[in-house]
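Peer 1: Provide a 3D model corresponding to the input given below.
(one chain, ligands or ions: 1)
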Amino acid sequence: MSASFSEHGDVAVITLDNPPVNGLGFATRSAIVEGVQRAVDDAAIRAIVLIGSGKGFSGGADIREFNTPKALQEPSLHTVIRNIESCAKPVIAAIHGLAMGGGLELALGCHYRVASAGAQIALPEVKLGILPGAGGTQRLPRMIGLQQALDMIVFGAPVRSEKLSATRLFDQMIDGDLLTGAIEFARQVADARPLPKVRDHQITEADAKTVLSAMRDRIQPQAAHYPALSRCIDAVEAAVTMPFEEGLTFERDQFLYLVQTTESKALRHAFFAERSASKIPGIGADIALRTINSAAVIGAGTMGAGIAMNFANAGIPVCMLETQHAALDKGVATIRKNYENTLKKGRLTQDQLDKRMSLISTTLDYATLAQANIVIEAVFEEMSVKETVFRRLSQVMKPGAILASNTSTLDVDRIAGFTSRPQDVIGTHFFSPANVMKLLEVVRGKATSDDVLATVMALAKKIGKTGVVSGVCDGFIGNRMIEQYLRQAFFLLEEGCLPAQVDGAIERFGFAMGPFRMSDLAGNDIGWHIRQRRRIEHPDMVYSLAGDKLCELGRYGQKTSAGWYDYQAGDRTSHPSDVVNQMILAHAADLGIQRRDVSDAEIVERLMYALVNEGAKILEEGIALRASDIDLVYLTGYGFPLYRGGPMFYAGCVGLAQVLAAIQGYASGPNGHAWQISSLLKHLADQGKTFQ
Ligand SMILES: NC(=O)c1ccc[n+]([C@@H]2O[C@H](COP(=O)([O-])OP(=O)(O)OC[C@H]3O[C@@H](n4cnc5c(N)ncnc54)[C@H](O)[C@@H]3O)[C@@H](O)[C@H]2O)c1
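Peer 2: Numbers count the residues shown, from 1 in each chain. Below is the predicted model:
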């Protein structure tokens with residue numbers, strides 16, 4: 001049973017009991033229907049209260065049943081709601097904590113609703129690219145008005161119950177114990193007839209047309225990529241223009257259309273990817289985690305300062321260490337400036353700013369850090385510097401402290417070898433700006449112990465990051481793949497493109513930024529150094545020299561106001577540069593290349609399939625635990641369009657056989673040497689499978 005039945009004199013109480021959020025799975029739906037029937041059959045019962053146990057009323061569909069036959073098994077949520085609505089005795093929903101999605105639709109099917117303050121009320125289906133499919137779009141506008149219902153349905157954000165207390169949604173707000181209040185309310189309405197039904201209300205707002213068209217204008221910029229937005233508005237419009245039953249059918253049709261769109265599949269994939277990423281095969285949820293209530297950061301530069309902010313934001317005291325006072329002062333000043341900017345935007349109060357700054361301390365002396373539970377090293381990207389730091393940390397840190405490195409490319413196993421406790425060493429690869437970007441690659445060394453890995457994954461969540469486990473390899477998951485993508489982008493410059501053409505194609509595909517704008521932001525010198533190292537380590541790997549020639553001109557990117565594009569001081573807008581374009585043409589001429597017109601489709605294929613091919617190798621080598629982890633890295637760290645679900649998911653949508661055929665074509669064309677085709681990709685393509 002996922003709902004219990006009890007009698008309180010003449011009132012029956014059905015308590016939803018399906019932790020953690022009373023998801024409306026098959027057993028719960030059945031138990032509600034049975035409970036209602038039992039109350040109807042009992043002559044002594046005059047009214048029925050429906051309430052949630054634990055955290056709240058109901059979080060909606062039980063996601064554990066997604067894509068299983070149980071999700072569709074009768075009684076469906078539609079049937080449950082019809083049963084309740086047509087029940088001869090009043091049914092009262094008593095809401096606390098949360099009523100979301102199907103949970104709110106269930107409540108809207110009841111004759112009355114009472115609520116405690118502080119409950120989160122939402123129809124968040126749009127975030128999965130669908131719409132509320134059990135009457136939500138028809139009933140909610142009837143209760144809270146068109147504008148507010150549109151805001152909730154089209155954007156999916158929760159609204160606190162007390163903010164809706166003046167609407168028809170709640171018949172009463174309950175101050176004290178919710179169940180007691182709900183039973184009292186039930187007795188007051190026990191004899192009321194006819195029973196009120198949300199469906200019987202008419203929407204009579206005179207300005208309905210204007211409100212709907214203003215919302216259409218508002219979503220216009222996103223509409224092409226997120227079809228659910230306009231379908232949500234269409235469904236709400238149906239609540240205004242159609243009789244109730246017709247509106248329900250219209251809503252159902254929109255739901256069925258949306259659920260099979262690639263965009264919705266991609267959004268649901270991303271949602272599940274996020275949930276699976278924290279599951280590590282062989283490590284149970286019962287593993288004992290190490291306590292993290294103090295932290296230290298070595299290096300207060302770009303990354304160190306941002307990393308320290310994450311701890312302060314989460315209420316964890318953090319101490320930064322440098323070798324010079326001036327560097328510490330600079331780090332603290334950067335942090336303060338960042339917080340002050342947030343304060344100016346109204347997203348932080350002065351109190352919060354003071355509290356966060358008070359959690360950040362500085363030192364030049366390792367002894368001060370010795371008691372911290374975790375230390376994250378963010379010094380220069382040079383093995384010899386890392387070695388000095390880790391030898392020192394190994395000596396001073398208390399036993400059991402986690403020793404983490406923020407290295408982007410260096411071998412975490414070698415770093416662990418500088419300590420006498422490699423089991424405590426792990427990589428924490430933050431992305432810049434570290435206080436903003438969601439992604440945290442958690443790099444598991446050969447010797448990293450399970451509890452260290454699990455603790456850092458839990459810490460990621462605590463500091464608001466999306467943790468994704470990566471094995472040790474050069475560049476880990478994200479940067480190893482981006483290198484192949486950038487190689488292709490650079491070759492395209494030699495073959496016939498200019499930076500703005502490549503960026504334009506990739507941005508139209510949906511990336512936040514094309515490869516050249518991205519390199520200008522990150523600093524072209526970083527890639528330059530990596531290529532110099534690669535040419536020594538992997539002499540067989542050929543890179544275009546275009547990027548090197550750019551750096552030789554001192555064009556490091558936004559920081560020098562000149563990179564692949566020109567920049568004006570204090571402005572991030574990129575302007576195509578004659579100097580760069582001439583340099584590219586001259587470079588191609590030096591190579592004797594006959595430049596050609598390259599289509600947008602080729603640009604997208606070469607860059608995307610370079611990601612896919614390298615991603616497949618990463619999967620094959622066990623560097624990533626699952627394909628969806630790779631997608632999550634790209635969605636949260638590299639601006640990959642959410643509605644395309646990440647590179648591996650995207651490849652599945654195209655069809656791996658088609659991806660493989662295209663790669664084989666490119667492998668026999670100009671710069672074909674850059675394609676070493678993944679055997680996993682070949683294997684899956686031959687079998688007609690995808691990466692998932
Ligand atoms: N910048 C990025 O986008 C980015 C992204 C991810 C990871 N990383 C990695 O983070 C690390 C730091 O990069 P950054 O961009 O913050 O560099 P940075 O040059 O801005 O900062 C490095 C800081 O470390 C300090 N430092 C150097 N040697 C030290 C020592 N022995 N003891 C204490 N402090 C020392 C320096 O004074 C400097 O303030 C590197 O390993 C880098 O690869 C950088």
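Peer 1: any idea how far the residue in the stretch 301-450 of the chain positioned nearest to the ligand is from A327?
Peer 2: Nearest to the ligand, among the residues of the stretch 301-450 of the chain, is G301, at 1.9 Å (Cβ to the nearest ligand atom). Backbone N, C-alpha and C define where each C-beta goes, glycine included. Distance, G301 to A327, using Cβ to Cβ, to the nearest Å: 7 Å.
Peer 1: ok, how many other residues are close to the residue of the stretch 301-450 of the chain closest to the ligand?
Peer 2: 17 (other Cβ atoms under 10 Å).
Peer 1: where does the residue of the stretch 51-200 of the chain found nearest the ligand land in three-state SS?
Peer 2: Nearest residue of the stretch 51-200 of the chain to the ligand: K127, at 28.8 Å (Cβ to the nearest ligand atom). Under DSSP: H, G, I helix; E, B strand; the rest coil, K127 falls in the helix class.
Peer 1: Now do the buried residues in the least confident helix or strand in the chain by mean pLDDT.
Peer 2: Lowest mean confidence among the helices and strands of the chain (mean pLDDT, DSSP states H and E): helix 524-537, at a mean of 90. The neighbour-count check on helix 524-537 (16 or more other Cβ atoms under 10 Å) flags N524, D525, I526, G527, W528, I530, R531, R534 as buried.
Peer 1: do that helix and the ligand meet at all?
Peer 2: No. Helix 524-537 does not reach the ligand (Cβ under 6 Å from any ligand atom); its nearest approach is 7.3 Å.
Peer 1: Tell me which helix or strand comes right after that helix.
Peer 2: Later in the chain than helix 524-537, the nearest helix or strand by DSSP states H and E is helix 546-552.
Peer 1: Can you get me a residue count around the closest residue to the residue of the stretch 51-200 of the chain closest to the ligand other than its chain neighbours?
Peer 2: Of all residues not flanking K127 in the chain, G156 sits nearest, at 4.7 Å (Cβ to Cβ, 6 or more residues apart in numbering). By other Cβ under 10 Å, 20 other residues sit near G156.
Peer 1: can you check V36 too?
Peer 2: 22.
Peer 1: How about F255?
Peer 2: So F255, with other Cβ under 10 Å, has 20 neighbours.
Peer 1: Could you verify my assumption that it touches I130?
Peer 2: Yes. The criterion here is Cβ atoms under 8 Å, and F255 meets it with I130 at 6.1 Å.
Peer 1: per-residue pLDDT, the residue of the stretch 51-200 of the chain closest to the ligand?
Peer 2: K127 carries a pLDDT value of 97.
Peer 1: Around the ligand, pick out the residues from the stretch 151-300 of the chain.
Peer 2: So far as Cβ under 6 Å from any ligand atom goes, the stretch 151-300 of the chain lies against the ligand at I298, G299, A300.
Peer 1: what about the residue lying closest to I677 once chain neighbours are set aside, which helix or strand?
Peer 2: Closest residue to I677 apart from its sequence neighbours, by Cβ to Cβ, 6+ apart: I663 at 5.9 Å. Element membership for I663, per DSSP H and E: helix 656-667.
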